[in-house]
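Undergrad: Take this sequence and fold it.
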Amino acid sequence: GNTTTSTNTYREDIPLPLLVACSASAGALASWITSPLDMAKLRLQVQRGRIAASGNTGTQIYYKNMLDCLVQTFAKDGLRGLFRGAGARVLHFAPATTITMTCYEKCRLFYSNLLSPDHH
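TA: Just a heads-up that it's a prediction; the model follows:
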């Protein structure tokens with residue numbers, strides 16, 4: 001009969017349009033969800049830069065840490081403040097994730113087929 005093993009299933013190719021759509025969606029969603037963390041990191045970096053540039057004389061510290069920055073931003077600007085800049089982040093990371101995941105899948109398939117014991 002016609003039986004398919006799990007190793008043969010793993011070597012099946014995903015149609016390119018589906019692979020690109022899934023990769024782009026994953027990159028867009030992941031970058032949007034983590035956007036508040038990136039926003040807080042950026043604000044803390046700017047704050048640290050200002051402190052270093054002033055020689056720590058009279059520079060006000062707005063945020064104690066990442067969580068404090070997220071809490072203060074939410075208190076002041078709500079969800080909109082937490083996701084400020086998310087669109088630009090998605091536009092940056094979605095294409096990079098799409099390229100990475102698509103190349104990974106194509107390389108995985110190529111090497112899986114090349115190195116498989118039943119390869120002729």
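Undergrad: all helices of the protein, in order?
TA: With DSSP state H, the ranges of helices along the chain come out as 6-10, 16-33, 35-54, 66-82, 86-115.
Undergrad: Would you mark the buried spots in the fourth one?
TA: Within helix 66-82, the residues that count as buried by 16 or more other Cβ atoms under 10 Å are 69-70, 72-73, 82. From N, CA and C alone the C-beta is placed, and that goes for glycine too.
Undergrad: Show me what that helix is packed up against.
TA: Helices and strands touching helix 66-82, as assessed by 3 or more Cβ pairs under 8 Å, 6 or more residues apart in numbering; DSSP states H and E, comprise helix 35-54.
Undergrad: quick one: buried residues of the helix it packs on?
TA: Buried residues in helix 35-54 (16+ other Cβ under 10 Å): 35-36, 39-40, 43-44, 47.
Undergrad: now the angle from that helix to helix 86-115?
TA: In terms of direction (axes from the mean of the first three to the mean of the last three Cα atoms, to 10 degrees), helix 35-54 departs from helix 86-115 by 110 degrees.
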